[in-house]
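Trainee: Using only what follows, build the 3D model:
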Amino acid sequence: MPFNRLCPGRRGAFPYRMYRARQAGGGFDLTCKLNPGQPDGNRRHRKTDARHLHARRRRRCGLQRDRRPAPGEPGTVVAFSGGSLLNLAQGKFGRYGVDDVRWLASVGTDYGMIAVRADSPWKDLPSFMAAMEKNPASIVIGAGASIGSQDWMKAALLAQKANVDPHKMRYVAFEGGGEPVTALLGNHVQAVSGDLSEMVPYLQGNKIRVLAVFANERLPGDLADVPTAKEQGYDLVWPIIRGFFVGPKVSDADYQWWVDEFTKLQQTDAFKKQRELRGLFEFNMKR
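Mentor: Below you'll find the model as predicted:
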């Protein structure tokens with residue numbers, strides 16, 4: 001969904017649109033809140049374009065879209081994640097490849113996780129894995145992407161470690177990271193395979209329990225109580241980059257302007273605070 005803003009620091013200021021390719025509440029929505037137009041996370045000035053450019057199924061991350069914006073528009077900025085890169089590697093964007101966009105910058109790294117309801121009988125990852133191994137059909141795993149996506153891959157790797165054929169696990173794909181959480185809270189699925197940042201808003205409400213984060217070691221701050229899969233005996237690490245790109249025909253001058261803006265953004269205290277609040281960690285990478 002496009003967010004319209006104005007780039008006031010650019011000579012001959014131009015309006016720009018920030019695209020997320022999924023529903024609200026997921027990782028792309030989170031990424032779009034960490035951009036040069038709102039480094040403090042303030043969304044008061046957001047205006048939603050009337051055009052509906054929501055990307056479904058294989059039409060993700062702006063690479064394939066109905067009414068696709070001109071590839072030379074300097075004001076069209078699109079969010080991507082590690083899942084987008086996985087889809088590129090798998091050829092899921094058809095004729096579009098890595099050189100069909102100009103990669104701007106990352107705004108942080110996220111980590112995969114597996115979560116259940118707070119009242120779930122599974123209090124830790126070993127008990128969940130034991131239940132999956134005993135009866136994989138008894139556990140429905142919800143996620144915000146289709147089979148073959150990074151959310152599916154994370155669930156499939158867990159299934160393998162539980163000696164379960166991934167093709168036999170019960171997996172339900174939703175549109176975006178917010179919908180599976182809603183399904184979990186409604187007890188329509190028993191677990192969610194997703195990204196830790198998507199769980200941050202729910203961790204203080206005693207509604208969801210994250211059984212494991214797929215990081216090398218425990219994360220700092222408010223997430224320090226979330227155990228890793230590795231410390232529970234399962235060697236699974238899944239970092240997720242989050243960032244932005246522009247079209248392939250954006251001029252070098254406009255492209256460099258964006259790169260410079262992200263460089264300045266990454267150094268501000270306001271951005272660092274918002275990144276931490278949203279469960280992301282420093283990963284300042286530019287093309």
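Trainee: Every contact and neighbour count from this point should use C-alpha atoms.
Mentor: Fine.
Trainee: give the contact list for Asp119.
Mentor: Shown in contact with Asp119 (Cα atoms under 8 Å, 6 or more residues apart in numbering): Lys207.
Trainee: do that again at 6 Å, thanks
Mentor: For Asp119, the contact set (Cα atoms under 6 Å, 6 or more residues apart in numbering) is empty.
Trainee: What are the contacting residues of the helix or strand containing Ala105?
Mentor: Per DSSP states H and E: Ala105 is located in strand 102-117. The contact list for strand 102-117, computed with Cα under 6 Å, 6+ apart, reads 191-196, 207-214, 238-248, 259, 280-286.
Trainee: Name the next helix or strand downstream of it, please.
Mentor: As assigned by DSSP H and E, the chain's next helix or strand after strand 102-117 is helix 125-134.
Trainee: Only the buried subset of the contacts of strand 102-117, as a PyMOL command please.
Mentor: The buried residues among those can be selected in PyMOL (16 or more other Cα atoms under 10 Å) with this line:
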select buried, resi 191+192+193+194+195+196+208+209+210+211+212+213+214+238+239+240+241+242+243+244+245+246+247+248+259+280+281+283+284+285
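Trainee: Could you report the neighbour count for the nearest residue to Val192 once chain neighbours are set aside?
Mentor: Counting by Cα to Cα, 6 or more residues apart in numbering, Val192 lies nearest to Gly142, which is 4.8 Å off, once chain neighbours are set aside. When neighbours are counted by other Cα atoms under 10 Å, Gly142 registers 29.
Trainee: Run through the neighbouring helices and strands of the helix or strand where Gly142 lies.
Mentor: Here Gly142, judged by DSSP H and E, is contained in strand 140-143. Applying 3 or more Cα pairs under 6 Å, 6 or more residues apart in numbering; DSSP states H and E, we find strand 140-143 packed against strand 170-173, strand 191-195.
Trainee: of those, which approaches Ser127 most closely?
Mentor: strand 191-195 (12.9 Å; Cα to Cα).
Trainee: Now do that closest one, average pLDDT.
Mentor: The pLDDT scores in strand 191-195 average 95.
Trainee: Mind listing the strands that strand pairs with, and their directions?
Mentor: Applying DSSP bridges, strand 191-195 is found paired with strand 102-117 (antiparallel), strand 140-143 (parallel).
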